[in-house]
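**Student:** Structure for the following, please:
(one chain, ligands or ions: 1)
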Amino acid sequence: MEFLDFSFLKMTVIDVVDILLVAIIIYYIYNLIRGTIAVNIFIGFILIYVLYFVASKMLHMKLLSGILNSFVSVGLIALIIVFQQEFRRFLLSIGKNISLRNKLWMKLVFGKEEVEKNNLAKIKPIIDACKSMKQTRTGALIVFSKYFDQDVFGNTGEFVDARISKRLIESIFQKHSPIHDGAVVIAENRIKTAGCILPLTENDKLPPQFGLRHRAGIGITETSECTALIVSEETGEISYAQQGKVKMNISFTELERLLNKDF
Ligand SMILES: Nc1ncnc2c1ncn2[C@@H]1O[C@H](COP(=O)(O)OP(=O)(O)OP(=O)(O)O)[C@@H](O)[C@H]1O
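**Tutor:** Numbers count the residues shown, from 1 in each chain. Alright, predicted model coming up:
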């Protein structure tokens, strides 16, 4: 009687490549959802899949593998539903890599200096506004997105659609402005909305001094392909969030470098 069947361990080069590719995909997905609650669901699903693999391929346990099989086969649809936002980010990040290549082409065609000069003209009013808001301890939250996604940003706040200017940014965030609460969204090189309510991050490992403004700035970068700049009302410190991670207390030189890269 055969107890254990290790025939599946005979591997070809294709099998090794197959395993490597799956490992890369799992690593990439894990990186994408690290620090969010989704990581527990992902680990749970991987464990059930490993159990199913052992029960059906090694131990040939018909009943258990039958039950696990029905779970694994609907699992993919369940995963797509549970990880809606992460799938969205995954697809967006593929698109972003393609548009990054466009940026490189632009640098090759128009020259690096010309492209950077144009970029600096776009970024300067934002940096100047941040310098002034840091001094006056004016709290601000600015989101940078390549495209204006109506579903994400269009349902709350006021539609502005204005040229980016230092004075406009300062006016929006000054304490007596009716739209100073919430975020300004800059997309397609325009100030699109102000007073926008964003999803808050569920990350429980953030510094305790991070309140709602920081949580909203980090939260939006977890679910959408965008970056966020936060000026703290309490300390005047500038933070920069990207893909759910935050750089705290950055200098204006660093801010310029980050905006030049991402905006
Ligand atoms: N969901 C949200 N989306 C966008 N902005 C929000 C959201 N929730 C709160 N805010 C903004 O954050 C402000 C409150 O900031 P809070 O003091 O809680 O944050 P903080 O991270 O401690 O920042 P600060 O250092 O500026 O105090 C609100 O007045 C509002 O403008």
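**Student:** Residues touching the helix or strand containing Leu168, excluding its own?
**Tutor:** Counting by DSSP states H and E, the element that carries Leu168 is helix 166-173. By CB atoms under 8 Å, 6 or more residues apart in numbering, the residues outside helix 166-173 that reach it are 125-126, 128-129, 132-133, 138-140, 142, 160, 162, 177, 179-180, 184, 191, 194, 231. For glycine as for every other residue, the C-beta is placed from the backbone atoms N, C-alpha and C.
**Student:** Filter these down to the ones in helices?
**Tutor:** Pro125, Ile126, Asp128, Ala129, Ser132, Met133 (DSSP state H).
**Student:** Neighbour-wise, which one of those residues leads?
**Tutor:** Ala129 (25 neighbours; other CB atoms under 10 Å).
**Student:** Need the pLDDT of the nearest residue to it once chain neighbours are set aside.
**Tutor:** Spatial nearest neighbour of Ala129, chain neighbours left out: Ile169 (3.9 Å); criterion: CB to CB, 6 or more residues apart in numbering. For Ile169, the model assigns a pLDDT of 97.
**Student:** Please shift the residue numbers so they start at 229 in all later answers.
**Tutor:** Happy to do that; since the first residue is 229 now, the last one works out to Ile397.
**Student:** pLDDT for the ones in helices among the contacts of helix 394-401 - can I get that in CSV?
**Tutor:** Converted to CSV, the ones in helices among the contacts of helix 394-401 look like this (pLDDT from 0 to 100):
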residue, pLDDT
Pro353, 95
Ile354, 96
Asp356, 96
Ala357, 97
Ser360, 96
Met361, 97
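**Student:** Show me which residues of the protein are close to the ligand?
**Tutor:** Where proximity means CB under 6 Å from any ligand atom, the interface of the chain facing the ligand comprises 367, 369, 409-411, 425-426, 428, 438-442, 444, 460-462.
**Student:** Which among those count as buried?
**Tutor:** Gly367, Leu369, Asp409, Gly410, Ala411, Leu426, Phe438, Arg441, His442, Ala444, Ser460, Glu461 (16 or more other CB atoms under 10 Å).
**Student:** Redo these as CSV? Include pLDDT.
**Tutor:** As requested, those are exported to CSV (pLDDT from 0 to 100):
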residue, pLDDT
Gly367, 96
Leu369, 97
Asp409, 95
Gly410, 95
Ala411, 97
Leu426, 95
Phe438, 90
Arg441, 96
His442, 96
Ala444, 96
Ser460, 96
Glu461, 95
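**Student:** Alright, calling it a day.
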